[in-house]
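J.: Sequence first, then the predicted structure, then my questions.
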Amino acid sequence: MKINRSHFVFDRGQRNGILSLLGLIILLIALKFYLANKGVNKDLPRVSSEILALREEIDSLKAARADTATRNMYKFNPNFMTDFKAYTLGLSPAQHDKLQAYRNSGKWINSVADFQKVTGVSDSLLDTFRVQFRFPEWVNKPRNPNSIRKAYSALPEAGKKDLNMATTEELQVVPGIGMVLSERIVSYREKLGGFTAVEQLYAVYGLSTEVVDRVRMQFSVKTPRDMTRYNINSASASDIATIPGISFELAREIWEFVRLRDGVNDLDELTKIEEITPTRLHLIKLYLFVE
């Protein structure tokens, strides 16, 4: 009778072989975990150190950039703020219009408090750029008003200097005119080929009515340049556009205004046009007349 032998019965040699194989497998698994743990413990500090070093370098660069930006921050007089500057600072068009209207009335912003009162900007927005404001020395260190009035009272016509011959240094004796504005006046004079009247200064960017009046006290145009003047009731839009500071769009609006009324009797009627400020009207009266 044949007895079937179980597949799970091994002889001594087979059992030893199986045990050896299991031992080898366990040894390999243990070695794998050992090497993995050793690699993690070795690499993590190295990677962490590199990250920290890079972080420190980035922070250092940021701090250096911020310091450079602070030291090189461009300071400006808010009285002469342009549309683009107002936009970059975060002012709304309405706030900038308030500032322009205040300046066109002949008044000046003499402090940060004045600026906020006129424009109505919030404290948080003002704090982002108030350090950039730069006011002239006569605001920060006001002189005796009586001495100013005496020094810059109107001279007799014979004692006034010719505006067409004035140097930048001579122009800077007028309160409100510094190096930048005096250079603009001379540059504009060269562009025209000479002034015809002091009123042409209204076309120089940054000069207020008040400052032009001060110039008139000390200077006059004694060697006038010839200038073409137009009758507003017959002038074309192209003729009007030749006036400095008047764009063709505004010239066309003036032309249409006159045509719709079949002519005007007084140039002051042009103030009904929104863009005609008192300063522009002064300039227009120099180049146009009513007939």
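T.: It's in. Not measured: the values here are computed from a predicted model.

J.: from here on, contacts and neighbour counts on C-alpha atoms
T.: OK.

J.: shaky segments in this structure?
T.: 1-11, 35-50, 53, 60-74, 136-153 (pLDDT under 70).

J.: quick one: the residue sitting nearest the centre point of it and residue 29, what's the gap?
T.: For the chain, the residue nearest the mean C-alpha position is residue 85 (2.1 Å; CA atoms, centre = their mean). Distance, residue 85 to residue 29, using CA to CA, to the nearest Å: 70 Å.

J.: domains of this protein?
T.: Per automatic domain parsing, the structural domains of the chain span 78-140, 155-220, 230-289.

J.: how far does the second one stretch from start to finish?
T.: By that I understand domain 155-220. Domain 155-220 has an end-to-end distance of 10 Å (criterion: CA to CA).

J.: Likewise for stretch 183-203?
T.: End-to-end for stretch 183-203, by CA to CA: 14 Å.

J.: Return the set of buried residues in it.
T.: For stretch 183-203, the neighbour count (16 or more other CA atoms under 10 Å) marks 183-186, 188-189, 194-203 as buried.

J.: helix, strand or coil for residue 121?
T.: At residue 121 the chain is in coil, as set by DSSP: H, G, I helix; E, B strand; the rest coil.

J.: so what's it up against?
T.: When contacts are counted by CA atoms under 8 Å, 6 or more residues apart in numbering, residue 121 touches 91, 95.

J.: What separation do you get for it and residue 283?
T.: 32 Å.

J.: buried ones in stretch 95-102?
T.: 95-96, 99-100, 102.

J.: just stretch 224-233 next, same as before
T.: By neighbour count on 16+ other CA under 10 Å, the buried set for stretch 224-233 is 224, 229-230, 232-233.

J.: try stretch 155-167
T.: Neighbour-count burial for stretch 155-167 [16+ other CA under 10 Å]: 160-161, 163-165.
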